[in-house]
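> Model the structure of this input:
(one chain, ligands or ions: 1)
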Amino acid sequence: MKLITSPTSPFGRKVRVVLLEKKIPFELVLDIPWNADTQVGNYNPLGKVPVLVPKDGETLFDSRVIVEYLEHVSPVGHLIPQDPTSRIRVRKIEALADGITDAAALIFVEFKRPEAQQSRDWMLRQQTKVFKGLEALSEALGEGTLFVGNKLTLADIAAACCLGYLDFRFPDIKWRDTHANLAAFHEKVGSRPSFKETVPVA
Ligand code: GSF
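Residues are numbered from 1 along each chain as shown. Reported below is the predicted structural model:
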């Protein structure tokens, strides 16, 4: 199967980490959806990465759908628990982490527009989502080392990709100073080969 993503996409990173953790072989196709020559629109009408192109079967987009699919095709190293309570909790943490990432990505895109067109109010609105989201993420982790149970799950992967993205695009956000538990979590999860291999590069 083929994964189309950009080298910096935090959502693409989430899928890459899942593929690596589950030891699913894949071909990585780098495509930057903002570039004029991007082919992403041929696979996803929304023009967004990541996109998964399985060998046989339908092309899939949105990292959450892709991850769900990968859980079905490979029983190796389940990342979404079977038990409904844990499962919902994992998906809720994933939604929270993705939401923070989305808000941060929107701020980044807004910063790239000409200054006169940038909306301060709109950026502040996104910033509030980032800070409130980080507080909620920290509270959800509490004293634990992982988000749900004692095995790596999709919740941990999404959260670590989110924190890694903040480091990459917004090094001025000193989230480690305010949330020591997230710092310890990120240090540990980020040291896994799947994370080291997928560090975003500009
Ligand atoms: C978000 C994908 C996305 O925002 C998912 O896959 O989980 N909910 C989706 N992708 C961005 C790149 S990034 O910030 O990861 C993207 O492709 N943007 C191009 C555009 O035209 O918005």
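
> residues contacting residue 93?
Contacts for residue 93 (C-beta atoms under 8 Å, 6 or more residues apart in numbering) come out as 137, 140, 147, 148, 155, 158, 159. C-beta: built from backbone N, CA, C; applies to glycine.

> The same query, at a cut-off of 10 Å, please.
Contact partners of residue 93, counting by C-beta atoms under 10 Å, 6 or more residues apart in numbering, are 136-137, 140-141, 147-148, 153-159, 162.

> Can you add neighbour count, pLDDT and secondary structure and give those back as a markdown table?
Converted to a markdown table, the contacts of residue 93 look like this (neighbours: other C-beta atoms under 10 Å; pLDDT from 0 to 100; DSSP: H, G, I helix; E, B strand; the rest coil):
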| residue | neighbour count | pLDDT | secondary structure |
| --- | --- | --- | --- |
| 136 | 15 | 98 | helix |
| 137 | 25 | 98 | helix |
| 140 | 19 | 98 | helix |
| 141 | 21 | 98 | helix |
| 147 | 27 | 98 | coil |
| 148 | 25 | 98 | coil |
| 153 | 24 | 98 | coil |
| 154 | 29 | 98 | helix |
| 155 | 28 | 98 | helix |
| 156 | 27 | 98 | helix |
| 157 | 28 | 98 | helix |
| 158 | 32 | 98 | helix |
| 159 | 29 | 98 | helix |
| 162 | 31 | 98 | helix |
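
> of those, closest to residue 60?
Minimum distance to residue 60 across the contacts of residue 93 is 15.8 Å, recorded for residue 154 (C-beta to C-beta).

> Residue most distant from the centroid, this structure?
Most distant residue from the mean C-alpha position of the chain: residue 116, 30.5 Å away (C-alpha atoms, centre = their mean).
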